[in-house]
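Q: this one's structure only:
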């Protein structure tokens, strides 16, 4: 840990909001540094028994079942978990009392001695984070490479053991970034920006301002990696003093973008696609030197969106001087066996020749666009590419479904709407595809099973949050998988019955 900050929290009275992974991890870290800890959560003790048991033996004051005013009566600092909105009454009161309110990421990063690579964007964060970590690990340039943040492991869990010889690759969500103030990664990455989380942030401007916090404290000795094809992402270049690196998958613009990527910037860096014989190659640039990394057909991840994720990751590798050979090796060996990939275009099963895909993590429109773009045409359907039964719907965060219209019109055979908030969906896609409303996941899967033919795809990609029916997207994804597995049992029973009848 950073020695300069070790005494910063010693003896302080600190209240932590949220007993989730981040809250428990930061409670342990600050307690070990000598802080006096209180922990509050709206959930009751019986619900939180597993979480609270991780703090056994520590002298911690708990305020459970609600945020009592007494939990901030004598506190000197509030630390919030990402899932706790900053506008709840008790935090507004803390702010009125001039009590500092910091996020877990802010506190953890201030104590972290390792170099931090922080990755944000509306979509693609988890994949890019894991790809980046794989590339840096393949280089053997660092004692340790850890993955942390929104991907499931709080940075607070790693801080105590990380040194200056290590790198922490952090997936940073807007919920985490909005409560940072001094956060200063050595490399920041902004993948893309689109409408999302308006239920939390209220406006697009507020959402954007939260994302901007990833780079505003960077200096000209640090880097920011930007998507040259995303207008909002490119605007981040004006918000930071960091050196700029760009990536693009726009082949038609390659000459213009190669100038942006490498020649117009002092010590510039970047990555782009380039036609290479019968393939499309990924090339990186730094200091006017060009290097081939691999071909897009070599990438073991489906979809154009994953090519963009690879481009972003290789720019980070280029900044750290990872060799092209090591980057290529890491990409070719990359696999999706990681908890972060569960519920993210996860192939569940094939039943009667129909693919069932769980993309429950698609909680916004752009994510569903990426999923539909990944669906390839099949020979069985000749000139008709409409083969997707799209299960869509959930807690509407103020979605604009416009970007999905053409994809639904050309690829979706039936929109299977789930949940109560479907009026906006029906209005937007009227005439684009057949529509069917269901009240449960089981009914949605059963409808698709009944009407789909061999070669079709049943895709759960809701474009919405899950809070209307489920605890989170993971529970929703499990419900889908359970429904599909029930179909398999149902099919087996039918086959046995048919055999007996004969």
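A: Okay, I see it. All values derive from a computational prediction rather than experimental measurement.
Q: lowest average confidence across helices and strands of the chain, where is it?
A: Ranked by mean pLDDT, DSSP states H and E, the weakest helix or strand in the chain is helix 254-258, scoring a mean of 47.
Q: give me the sheet partners of the next helix or strand after it and which way each runs.
A: For helix 254-258, the following helix or strand on the C-terminal side (DSSP states H and E) is strand 269-276. Counting by DSSP bridges, the strands paired with strand 269-276 are strand 243-248 (parallel), strand 279-286 (antiparallel).
Q: for residue 41, give me its contacts.
A: 17-19, 23, 48, 63-64 (CB atoms under 8 Å, 6 or more residues apart in numbering). (C-beta placed from N, C-alpha, C; glycine too.)
Q: any chance of CSV for those, columns pLDDT and distance to residue 213?
A: Formatted as CSV, these follow (pLDDT from 0 to 100; distance: CB to CB, whole Å):
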residue, pLDDT, distance to residue 213
17, 98, 19
18, 96, 19
19, 96, 25
23, 97, 20
48, 94, 29
63, 97, 28
64, 97, 30
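Q: which ones among those residues lie within strands?
A: If you go by DSSP state E, the contacts of residue 41 have 17, 63-64 in strands.
Q: hmm, back to that, compare the strands paired with strand 269-276 and give me the one nearest residue 446.
A: strand 279-286 (41.0 Å; CB to CB).
Q: determine which stretch of the strands paired with strand 269-276 is the most buried.
A: strand 243-248 (a mean of 26; mean count of other CB atoms under 10 Å).
Q: which strand or helix spans the residue lying closest to residue 180 once chain neighbours are set aside?
A: Closest residue in space to residue 180, ignoring its immediate chain neighbours: residue 106 at 4.2 Å, by CB to CB, 6 or more residues apart in numbering. In this structure, residue 106 is located in helix 104-111 according to DSSP H and E.
Q: strand partners of whatever helix or strand comes next after that helix, parallel vs antiparallel please.
A: Counting by DSSP H and E, the next helix or strand C-terminal to helix 104-111 is strand 115-120. Next to strand 115-120 in the sheet, as set by DSSP bridges, lie strand 167-171 (parallel), strand 187-190 (parallel).
Q: what lies in contact with the last one?
A: Counting by CB under 8 Å, 6+ apart, strand 187-190 makes contact with 116-121, 128, 132, 211, 214-215, 218, 222-227, 233, 236, 240, 242, 312, 315-316, 319-320, all of which sit outside it.
Q: right, and residue 367 touches residue 361 too?
A: Yes: under the criterion of CB atoms under 8 Å, residue 367 makes contact with residue 361 at 7.1 Å.
Q: of these two, which one has the most company?
A: Shown here are residue 367 and residue 361; by other CB atoms under 10 Å, residue 361 has more neighbours (25 against 22).
Q: quick one, what contacts the more buried one?
A: Residues in contact with residue 361 (CB under 8 Å, 6+ apart) are 343-344, 367, 473, 477.
Q: how close does it get to residue 401?
A: Using CB to CB, to the nearest Å, we find residue 361 at a distance of 18 Å from residue 401.
Q: got the end-to-end distance for stretch 349-359?
A: Start and end residues of stretch 349-359 are separated by 13 Å (CA to CA, to the nearest Å).
Q: give me the distance from that stretch to the chain's centre.
A: 24 Å (CA atoms, centre = their mean, to the nearest Å).
Q: grab the nearest non-local neighbour of residue 335.
A: residue 300 (6.7 Å).
Q: the one you found should be in a strand, yeah?
A: No: using DSSP: H, G, I helix; E, B strand; the rest coil, the secondary structure at residue 300 is coil, not a strand.
Q: just name the closest of the ones in strands among the contacts of residue 41 to residue 416, please.
A: Closest approach to residue 416 among the ones in strands among the contacts of residue 41 (CB to CB): residue 17, at 38.0 Å.
Q: so what's the residue count around the closest one?
A: Neighbour number of residue 17 under other CB under 10 Å is 28.
Q: ok, the one 3 residues further on next?
A: The local packing of residue 20 (other CB under 10 Å) involves 17 other residues.
Q: residue contacts, the closest residue to it other than its chain neighbours?
A: What sits nearest to residue 20 in space, not counting adjacent residues and going by CB to CB, 6+ apart, is residue 81, at 5.3 Å. Residues in contact with residue 81 (CB under 8 Å, 6+ apart) are 16-20, 22-23, 26, 103-104.
Q: now residue 81: how far from residue 37?
A: Distance of residue 81 to residue 37, computed by CB to CB: 14 Å.
Q: so what sits against both of these two?
A: Common neighbours of residue 81 and residue 37 (CB under 8 Å, 6+ apart) are residue 16.
Q: and the helices in the stretch 401-502 of the chain?
A: With DSSP state H, counting those that start in this stretch as the criterion, the stretch 401-502 of the chain has helices at 405-411, 423-428, 441-451, 473-501.
Q: among those helices, which is nearest residue 354?
A: Closest approach to residue 354 among the helices of the stretch 401-502 of the chain is made by helix 441-451 (7.5 Å; CB to CB).
Q: residue 458: which of the contacts of residue 361 is nearest?
A: Minimum distance to residue 458 across the contacts of residue 361 is 13.5 Å, recorded for residue 477 (CB to CB).
Q: my guess is the closest one contacts residue 356, does it?
A: No: using CB under 8 Å, residue 477 is not in contact with residue 356, being 11.6 Å away.
Q: so those two - more neighbours on which side?
A: Neighbour comparison, residue 477 and residue 356: the larger count goes to residue 356, with 27 against 24 (by other CB under 10 Å).
Q: give me the sheet partners of the host helix or strand of that one and which way each runs.
A: If you go by DSSP H and E, residue 356 is part of strand 354-358. Using DSSP bridges, the strands paired with strand 354-358 are strand 346-351 (antiparallel), strand 457-460 (parallel).
Q: which residues sit against it?
A: 343, 345-350, 371, 445, 448-449, 452-461, 477, 480-481, 484.
Q: next SSE after that strand?
A: Along the chain past strand 354-358, the next helix or strand (assigned with DSSP H and E) turns out to be helix 365-373.
Q: give me the contacts around the following helix or strand past that following helix.
A: Sequence-wise, the next helix or strand downstream of helix 365-373 (DSSP H and E) is strand 388-392. Residues from elsewhere that reach strand 388-392 (CB under 8 Å, 6+ apart): 368, 372, 375, 408, 411-418, 425, 433, 441, 444-445, 447-448, 451-452, 456-464, 480.
Q: could you redo the last one with a cut-off of 7 Å?
A: With contacts defined as CB atoms under 7 Å, 6 or more residues apart in numbering, strand 388-392 is touched by 372, 375, 411-418, 425, 444, 448, 452, 456-463.
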